[in-house]
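1. I'll drop the sequence and a predicted model, then ask my questions.
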Amino acid sequence: MLETRAVGLQEQRSATVPAVEISEAQTPFTKAAQYVRMSTDHQRYSTENQADAIADYAARHHMEIVRTFADEGRSGLNIEGRESLRQLIDEIEAGQTAFQALLVYDVSRWGRFQDADESAYYEYLCRKGGVKVIYCAEPFENDGTPVSTIVKSVKRAMAGEYSRELSSKVFAGQCRLIELGYRQGGPAGIGLRRLLVDERGDPKGELRRGEHKSLQTDRVILVPGPPEEQALVRRIYKLFLSTGMTEGAIAQQLNREGLVTDRERSWTRSVVHQVLTNEKYIGNNVYNRVSFKLKQRRVRNPVESWIRAEGAFDGIVSQDAFHKAREIILARSQRLSDEDLLDRLRLLVAERRAISGLVIDERPGMPSSSAYRSRFGSLLRAYQLVGYRPARDYRYLDINRRLRDLHPQVLANVRAGIERVGGDVGLGPDGLMRVNGELSLSIAIARCQETGSGGYRWRFGFDTGLAPDVTVAVRMAGGNDTPMDYFLFPSLDLAAGRLRLAEDNGLSIDAYRFDDLEELFALSMRVPFTQAA
């Protein structure tokens, strides 16, 4: 449809422009394809508007659009789910293209990749395959000159930063709505229903499965569902508390009776376990138990990071029954020694070969995955103790934990380094270090990440909200066991709040680099920071 529209617009333009004779010596039309993408950014980024602008560019530059690749309703954070972009790259790498140029509305439509190098990589594949990528609405020509390369790199970074900033704002807004008692996504669950309310809190109607609110000012709350479902939830608690039946036994009993869940599926141990452990059944609104920010990694957050509003809804289970069930579940795992827990995990690994939290929860007679997290700190640690290595590399979790443990040691080293050269160090109410009662200092540590080509990268996130005068940026060495070197960054250099370093960053950054903290602070105490930086 887009292809027809774009070509049709070209024909319409040619009908209104005075005819000009083209000699055989003149360059024929360059065959081009167009790539359009729309997520939910703004109406100006609709695929139709992009196609119109691209068609106008093609008409003015003697190009003929012969192919359209469109990803509608797709995020630009990564290439996952963007089937048209994948198909485009595959055809170019296979040499199966009938066009020499690819027209894209702007850099953000190509993608808001969190790693700017990923965006550059896909463009490189196009160029390597003989297809030039052209950004029609950008103020620069993508001609490979130093100026265009620099501007394009900045645009890529800006596109990624836009998504990061938007993610932070959306998350803060969602947390506020949770605290006000509103539901943020996800099915209601058996015994509960989603109710749509307006900005005044007046009910507008129940949302069925798959339905969503259409007005930005509307909100969703949870309310008790059909009486028979409420009775079933209370029965599950009664079976668990009064008869001592396990979650698996309860699921089998319900299935024998021909009962199904709210999704019209058979009962499983995991579903019964969720009913017995989810606080929504006593009216609590809980958020941020699991996060999947910027489509990077799905992470189970610690309890202290959860956002909770107690008594936000009308509960359908008594507080007493819920807490008794929780105590039984926690005590069940406490009765087992560490070695007992690990023995059961070894048996499961030997039988299933590939396991996960869901597989553990579904196993009859097996402690829940939350029990392993509580006892060993994380599922990954439990996996390591039984010699199981999951297909996905979760080492970054342990590395991040080591870096958190390392932070106090780095703070102590920084303090000692300043005091050795005659400085006085204190801790301000905002958590920042204060040098001589004036200069505020922050510490940022970045883990060492190895690229596919064998190089190293470091990504920093800085406390721009606290606005420290100077940040000491610590780069970890390969293996992430010890610091490799340190950088001094005045606050003026950290407006974006994020920084990505390579092994060689040029003079503009290496000028601030020190391999020894004492050397760093000896210089900083002799020279004002505005000059030392």
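-> Perfect, thanks for sending it.
2. Could you count how many residues lie near residue 143?
-> Residue 143 is flanked by 10 other residues according to other C-beta atoms under 10 Å. For the C-beta atoms, the positions are set from N, CA and C on the backbone; glycine is no exception.
3. how far out from the middle of the chain is whichever helix in the chain runs longest?
-> Taking DSSP state H as the criterion, the chain has its longest helix at helix 146-179. Centre-to-centre, helix 146-179 and its host chain are 12 Å apart (C-alpha atoms, centre = their mean, to the nearest Å).
4. elements contacting it?
-> helix 107-110, helix 116-128, strand 285-287, strand 307-309 (3 or more C-beta pairs under 8 Å, 6 or more residues apart in numbering; DSSP states H and E).
5. Give the next helix or strand downstream of the longest one.
-> Tracing the chain past helix 116-128, the next element assigned as helix or strand by DSSP states H and E is strand 132-135.
6. Partner strands of that next one and their direction?
-> Strands that pair with strand 132-135, judged by DSSP bridges, come out as strand 101-104 (parallel).
7. Can I get the strand it pairs with in CSV? Just the C-alpha atoms.
-> What follows is strand 101-104, C-alpha atoms only, in CSV (Å, rounded to 0.1, in the frame of the first residue of the first chain):
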residue,chain,number,x,y,z
ALA,A,101,19.8,3.6,-2.4
LEU,A,102,17.7,3.3,0.7
LEU,A,103,15.6,6.3,1.7
VAL,A,104,14.8,6.8,5.4
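8. Use 34 as the first number from now on
-> Sure thing, new numbering starts at 34, so read that last one as strand 134-137.
9. outside of that strand, which residues touch it?
-> Contacting residues not belonging to strand 134-137 are listed as 63-69, 87, 90-91, 96, 98, 121, 143, 159, 164-169 [C-beta atoms under 8 Å, 6 or more residues apart in numbering].
10. Apply 10 Å and report the result again.
-> 39, 63-70, 83-84, 86-88, 90-91, 94, 96, 98, 100-102, 121, 125, 143-144, 156, 159-160, 162-171, 175 (C-beta atoms under 10 Å, 6 or more residues apart in numbering).
11. what are the ranges of the helices in the stretch 384-533 of the chain?
-> Listed in chain order, the helices of the stretch 384-533 of the chain (DSSP state H, counting those that start in this stretch) span 390-395, 402-409, 412-418, 428-453.
12. and those helices as JSON lines, adding mean neighbour count and mean pLDDT?
-> Shown next, in JSON lines, are the helices of the stretch 384-533 of the chain (neighbours: other C-beta atoms under 10 Å; pLDDT from 0 to 100):
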{"stretch": "helix 390-395", "mean neighbour count": "17", "mean pLDDT": "76"}
{"stretch": "helix 402-409", "mean neighbour count": "19", "mean pLDDT": "77"}
{"stretch": "helix 412-418", "mean neighbour count": "18", "mean pLDDT": "84"}
{"stretch": "helix 428-453", "mean neighbour count": "15", "mean pLDDT": "70"}
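13. So which of those is nearest residue 306?
-> helix 390-395 (5.9 Å; C-beta to C-beta).
14. which residues sit against the closest one?
-> Here helix 390-395 has contacts from 280-281, 284, 301-304, 306-307, 333, 377-378, 381-382, 385, 389, 399-406, 412, 415, using C-beta under 10 Å, 6+ apart.
15. Report the buried members of the residues you listed.
-> Among the contacts of helix 390-395, the ones that count as buried by 16 or more other C-beta atoms under 10 Å are 280-281, 284, 301-304, 306-307, 377-378, 381-382, 399-406, 412, 415.
16. Of all the helices of the stretch 384-533 of the chain, which one comes closest to residue 318?
-> Counting by C-beta to C-beta, and looking across all of those, nearest comes helix 402-409 at 19.8 Å.
17. What score does the closest residue to residue 397 other than its chain neighbours have for pLDDT?
-> Ranked by C-beta to C-beta, 6 or more residues apart in numbering and with sequence neighbours excluded, the top spatial neighbour of residue 397 is residue 281, at 4.1 Å. The model reports residue 281 with a pLDDT of 86.
18. same thing with residue 284?
-> On the pLDDT scale, residue 284 gets 90.
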